[in-house]
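Engineer: need the 3D shape of this:
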Amino acid sequence: MFNKLRSLFSSPVAEEPLPQQASLPAGKRVYAIGDIHGRLDLFEQLLARIDADDASRGAADTTLILLGDLVDRGPDSRGVIERAMQLMATGKVRILAGNHEEMMLGSLRDEETMRHFLRHGGRETLFSYGLRGEEYSRGNLEEIIERANALVPPITLPSCRRWKTRSSSAITCSSMPASAPVCRLTGR
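Structural biologist: Model prediction:
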């Protein structure tokens, strides 16, 4: 009897909508990789797995999306950026710049950004471009910025600046470690 009375005075429970199912148009396939952080070795492994998976699924218009944070921490940020630029030239790759790419670009102009960049893996990035340990140890921020601008190839900067930033993109990205399994969205 109390349950009946409670139901008369309580507000009805609204049904929750079903979650949207991710899908792509037929004949389209998308792979996404994020948070590579200078690990060219792991990036190449993921690319090989993606190529194998894509080939095993049959013909499709395939796009690779790099979700940002290609640089910092790992030993080969330069190699990762160069590989990303090669992939982008195919026209089948979209790159979203993460906060680490934004820091890298900003650090080439601003001492405070360089200080922040160096604390978050930028040192390893600059080492991958050829900055020597003794230059880093004895240099002040102004000298490190000057040296970084001399070491980073001029072609790299315009390419990185053309990447969409996560904040300016309609896509909200979540982090995924480079060691995570290949993720895919298919039309199936």
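Engineer: which neighbouring elements make contact with the longest helix that the chain contains?
Structural biologist: When the chain is parsed with DSSP state H, its longest helix is helix 40-56. Helix 40-56 sits against strand 28-33, helix 77-88, with contacts defined as 3 or more C-beta pairs under 8 Å, 6 or more residues apart in numbering; DSSP states H and E. C-beta here means a position set from N, CA and C on the backbone, and glycine is covered the same way.
Engineer: so Gly68, which of the three states?
Structural biologist: Here Gly68 takes the coil state, with states given by DSSP: H, G, I helix; E, B strand; the rest coil.
Engineer: show me the contacts for it.
Structural biologist: For Gly68, the contacting residues are 34-35, 95-101, 163, 166, 173, by C-beta atoms under 8 Å, 6 or more residues apart in numbering.
Engineer: for Pro158, grab the count of nearby residues.
Structural biologist: Here the count is done by other C-beta atoms under 10 Å, and Pro158 has 8 residues near it.
Engineer: got the angle for the longest helix of the chain vs helix 77-88?
Structural biologist: 20 degrees (axes from the mean of the first three to the mean of the last three C-alpha atoms, to 10 degrees).
Engineer: looks like Asn149 contacts Leu105 (just checking).
Structural biologist: No - shown here, Asn149 and Leu105 do not form a contact pair, counting by C-beta atoms under 8 Å, at 11.2 Å.
Engineer: more neighbours, the two?
Structural biologist: Higher neighbour count among Asn149 and Leu105: Leu105, with 19 against 13, using other C-beta under 10 Å.
Engineer: shaky segments in this protein?
Structural biologist: Residues of the chain meeting the criterion pLDDT under 70: 1-2, 4-14, 165-188.
Engineer: could you pull out the strands in it for me?
Structural biologist: Secondary structure of the chain by DSSP state E: the strands cover 28-33, 61-66, 93-97, 164-165, 183-186.
Engineer: can those strands go into JSON lines with extra columns for mean neighbour count?
Structural biologist: Below are the strands of the chain laid out as JSON lines (neighbours: other C-beta atoms under 10 Å):
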{"stretch": "strand 28-33", "mean neighbour count": "19"}
{"stretch": "strand 61-66", "mean neighbour count": "18"}
{"stretch": "strand 93-97", "mean neighbour count": "21"}
{"stretch": "strand 164-165", "mean neighbour count": "14"}
{"stretch": "strand 183-186", "mean neighbour count": "14"}
